[in-house]
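>>> no FASTA, just this:
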Ligand SMILES: [Zn+2]
């Protein structure tokens with residue numbers, strides 16, 4: 001779910017090409033539901049605290065930042081549960097997207 005309209009990031013996207021595309025990729029990603037409460041309002045967790053990840057986390061609820069070591073690869077926005085489904089790797093584009101973030 002978007003936290004604010006994508007227009008809000010037009011300026012940031014100019015200096016960080018592909019940023020809005022990244023937000024859209026997260027928005028369209030189908031993430032596993034929470035094993036605890038069943039919610040589909042889940043997010044990918046990253047430890048990378050850099051400008052781009054901070055902006056991503058501010059743009060979409062499907063991306064959250066936690067300090068390493070990560071309590072799980074995914075996070076439930078509804079009940080706050082961290083989890084990692086067995087064999088979970090995420091969409092194929094994730095590795096490229098979060099590399100260095
Ligand atoms: Zn949950």
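In hand now; what should we look at? Note that the coordinates shown come from a computational prediction; the quantities given were computed from them, not determined experimentally.
>>> For the protein, which segments are assigned as strands?
42-46, 63-65, 74-76, 82-83 (DSSP state E).
>>> The shortest one pairs with which strands, parallel or anti?
Just to be clear, that refers to strand 82-83. In its sheet, strand 82-83 lies beside strand 74-76 (antiparallel), with partners assigned from DSSP bridges.
>>> Show me which parts of the strand it pairs with are buried, residue by residue.
Residues of strand 74-76 classed as buried by neighbour count (16 or more other C-beta atoms under 10 Å): 74, 75, 76. Bear in mind the C-beta positions are built from the backbone N, C-alpha and C, glycine included.
>>> Those also near the ion: which ones?
When those are checked against the ion using C-beta under 5 Å from the ion, the ones in range are residue 76.
>>> tell me which parts of the protein are close to the ion?
By the criterion of C-beta under 5 Å from the ion, the positions of the chain lying close to the ion are 34, 36, 37, 39, 76, 78, 79, 81.
>>> Just the buried ones from those?
Neighbour counting with 16+ other C-beta under 10 Å marks 34, 76, 81 as buried within these.
>>> ok, the second one - contacts?
By that I understand residue 76. 34, 36, 37, 39, 41, 42, 43, 82, 83 (C-beta atoms under 8 Å, 6 or more residues apart in numbering).
>>> quick one: contacts for the last one?
Residues counted as contacts of residue 83 (C-beta under 8 Å, 6+ apart) are 32, 34, 35, 36, 72, 73, 74, 75, 76.
>>> Kindly recompute the last result at 6 Å.
35, 72, 74 (C-beta atoms under 6 Å, 6 or more residues apart in numbering).
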